[in-house]
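Q: structure for the following, please:
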Amino acid sequence: MLAKRSAGWMTVSFCLAIVVSVGQADENAPPAGFKALFNGQDLAGWHGMGHFDPRVLAALSDEERAKKRADDLEDVRQHWSVEHGELVNDGHGVYLTTDESYGDIELRIDYKTVAQADSGIYLRATPQVQIWDYTKAGGKWDIGADKGSGGLWNNSAGSAGKDPLVLADKAFGEWNRFRILQIGERTTVYLNDKLVVDHARMENFWSKQTPDAFAKEAPGSLNKANPLFRDGPLQLQTHGGEIRWRNVFLREIPADEANEILATKQTEGFETIFNGKDFDGWSGPVENYDVIDGNIKCKAGKGGTIYTNEEYADFAVRFEFQVPEGGNNGLAIRYPGSGDTAYVGMCELQVLDNDSAKYAKLDQRQYHGSAYGMVPAYRGYLRTAGEWNVQEVTVRGSTIKVELNGTVILDTDLGQVTEFMANSPHPGKDRASGHFGFAGHSDPVQFRNVKLKRL
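A: Numbers count the residues shown, from 1 in each chain. Below is the predicted model of the structure:
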């Protein structure tokens, strides 16, 4: 089972000392709420690492990782320098990489490059926000350079974000400025104050190339999700032409702000299905639930499945939820109105505190976001028990997609499921319509801002 993605690339640290010219006093000073990743004088806080799969790095021994870090350090000394408060790369060598790893962030960074150069910014050690020569003379119009910089170039062809929405590059010799927001897999990029990527999913290049152990070993291998690592370092790519960087500022986005952004993006067509006051429009054992401060809360020691009076075929539902330590609940998908939704409904999508010690030995198909007993979701993307999470579930035909805190953790077709946990049949999995609801299991799990869109 996939554990929380943590890097493992910080076992060894080096402080890179490079002789510099006098820095400019008005640069590299972070605005309020940000920290400067580059101090304008040396490479403290950075090391070298090229295009390297983080999973491979994490699997190295401490000794192997230390040797790699030392070799990369020597490479940095040959190709990176600091001049006049600017990071300078000659177009060659390993990428400058932060010692620290980051999850949800706002990054502000300036760059200046030259004709025929090609570079980019790796987020969570994953390629990349593209930077390149956008002119015809640059020779890369056939692969999208005519559209300009800022796109998620390593995304699949035709996917949102691969190509920038507008051409926003300045002429060579001028400074360009990025503002990048990364929340889960969702990436938003402004280049020179123009929106070039709007809340698009950044694909995990690494597992797209080589599926990870979870994808190969999970029951049935029916989860097609390709989740981006939960955290990782930033990398400044080197690629054939001089590039300069300055004003490298970062702000870590707190959970409540991340939730608000995720909950308020792309809301067209969503309608509120819980009024925040009472259970008007809902059926089932509503007496086992409270409405507190606009939230649905399962009473401790109570439960059962409450569900919408209306039935839905294809739909998307977006909501926020909070699980207490050890909390357990579920989403009733295409529920017929009676019986155990995990079996008689299309499925129960698990809502669970994955990190609780009492759940350490569950079947993979019982953890949060999984189609209970049928297809496991990726783990490691829940917030800490007691914090609010944002989740969106999309149901089309026999397919289900679960996006948790901006990251898709389940993407599956239940029509292909032939193996079931404990060999228990799921006669409802092929249902074409039904109610939506919450399946309480005696724990005070809470839900709020429940909105649904028919598809």
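Q: I'd like to know how many residues surround residue 382.
A: Residues near residue 382, counting by other Cβ atoms under 10 Å, number 24. For every residue, glycine as well, the C-beta is placed using N, CA and C.
Q: then residue 313?
A: Residues lying near residue 313 (other Cβ under 10 Å) number 14.
Q: look up phi and psi at the nearest residue to residue 212 once chain neighbours are set aside.
A: Distances taken as Cβ to Cβ, 6 or more residues apart in numbering place residue 55 nearest to residue 212, at 6.4 Å, with adjacent residues excluded. When read as degrees, to the nearest 10, the backbone of residue 55 gives phi -70, psi -40.
Q: domain-wise, how is this protein divided?
A: What automatic domain parsing lists as the domains of the chain is 35-253, 261-454.
Q: dump these into JSON lines; add mean pLDDT and distance to residue 29 as well.
A: Output for those, formatted as JSON lines (pLDDT from 0 to 100; distance: least, Cβ to Cβ, whole Å):
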{"stretch": "domain 35-253", "mean pLDDT": "94", "distance to residue 29": "7"}
{"stretch": "domain 261-454", "mean pLDDT": "97", "distance to residue 29": "26"}
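Q: and those as a markdown table, adding distance to residue 27?
A: Putting the domains of the chain into a markdown table (distance: least, Cβ to Cβ, whole Å) gives the following:
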| stretch | distance to residue 27 |
| --- | --- |
| domain 35-253 | 5 |
| domain 261-454 | 29 |
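Q: residue 34 reaches residue 107, doesn't it?
A: No - taking contacts as Cβ atoms under 8 Å, residue 34 lies outside contact range of residue 107: 9.1 Å.
Q: between those two, which contacts overlap?
A: Common contacts of residue 34 and residue 107 (Cβ atoms under 8 Å, 6 or more residues apart in numbering): 249, 250.
Q: give the contact list for residue 424.
A: 343, 373.
Q: how far away is it from residue 441?
A: According to Cβ to Cβ, to the nearest Å, residue 424 and residue 441 sit 17 Å apart.
Q: ok, now residue 169?
A: 54 Å.
Q: same deal with residue 146?
A: 55 Å.
Q: which of the two has more neighbours?
A: Neighbour count, other Cβ under 10 Å: between residue 146 and residue 441, residue 441 has more, with 17 against 14.
Q: what about the longest helix in the protein?
A: Ranked by residue count, the top helix of the chain under DSSP state H comes out as helix 62-79.
Q: so which other helices or strands are in contact with that helix?
A: For helix 62-79, the contact count by 3 or more Cβ pairs under 8 Å, 6 or more residues apart in numbering; DSSP states H and E identifies strand 46-49 as packing neighbours.
Q: quick one: the strand it packs on to chain centroid distance?
A: Remark: strand 46-49 is offset 23 Å from the chain centroid, using Cα atoms, centre = their mean, to the nearest Å.
Q: and if you look at stretch 56-73?
A: For stretch 56-73, the distance to the chain centre is 26 Å (Cα atoms, centre = their mean).
Q: could you do stretch 236-245 as well?
A: Here stretch 236-245 is found 26 Å from its chain centre; the criterion is Cα atoms, centre = their mean.
Q: could you do stretch 163-175 as well?
A: How far stretch 163-175 lies from its chain's middle: 26 Å, per Cα atoms, centre = their mean.
Q: got the buried residues for that stretch?
A: For stretch 163-175, the neighbour count (16 or more other Cβ atoms under 10 Å) marks 163, 164, 165, 168, 169 as buried.
Q: from start to finish, how long is that stretch in a straight line?
A: Counting by Cα to Cα, to the nearest Å, you get 21 Å between the two ends of stretch 163-175.
Q: show residues contacting that stretch.
A: Applying Cβ under 8 Å, 6+ apart, the external contacts of stretch 163-175 come out as 110-115, 133-134, 144, 146-151, 176, 189, 191-192, 194-198, 246.
Q: so residue 307 sits against residue 437, correct?
A: Yes - assessed by Cβ under 8 Å, residue 307 is found in contact with residue 437 at 3.0 Å.
Q: list residues touching both of those two?
A: Counting by Cβ under 8 Å, 6+ apart, the residues touching both residue 307 and residue 437 are 282, 284, 332, 335.
Q: my read is that the second one contacts residue 437, right?
A: In this case it means residue 284. Yes - with contact defined as Cβ under 8 Å, residue 284 reaches residue 437; the gap is 6.6 Å.
Q: which neighbours do those two have in common?
A: Shared contacts of residue 284 and residue 437, defined by Cβ under 8 Å, 6+ apart, comprise 305, 306, 307.
Q: tell me which of these fall in strands.
A: Among the shared contacts of residue 284 and residue 437, the ones falling in strands (DSSP state E) are 305, 306, 307.
Q: quick one: which of the residues you listed is nearest to residue 394?
A: Closest approach to residue 394 among these (Cβ to Cβ): residue 307, at 18.7 Å.
Q: for that closest one, list each beta-bridge partner.
A: On the basis of DSSP bridges, residue 307 is bridged to residue 283, residue 437.
Q: next up, the contacts around it.
A: Taking Cβ under 8 Å, 6+ apart, we find residue 307 in contact with 282, 283, 284, 332, 335, 337, 435, 436, 437, 438.
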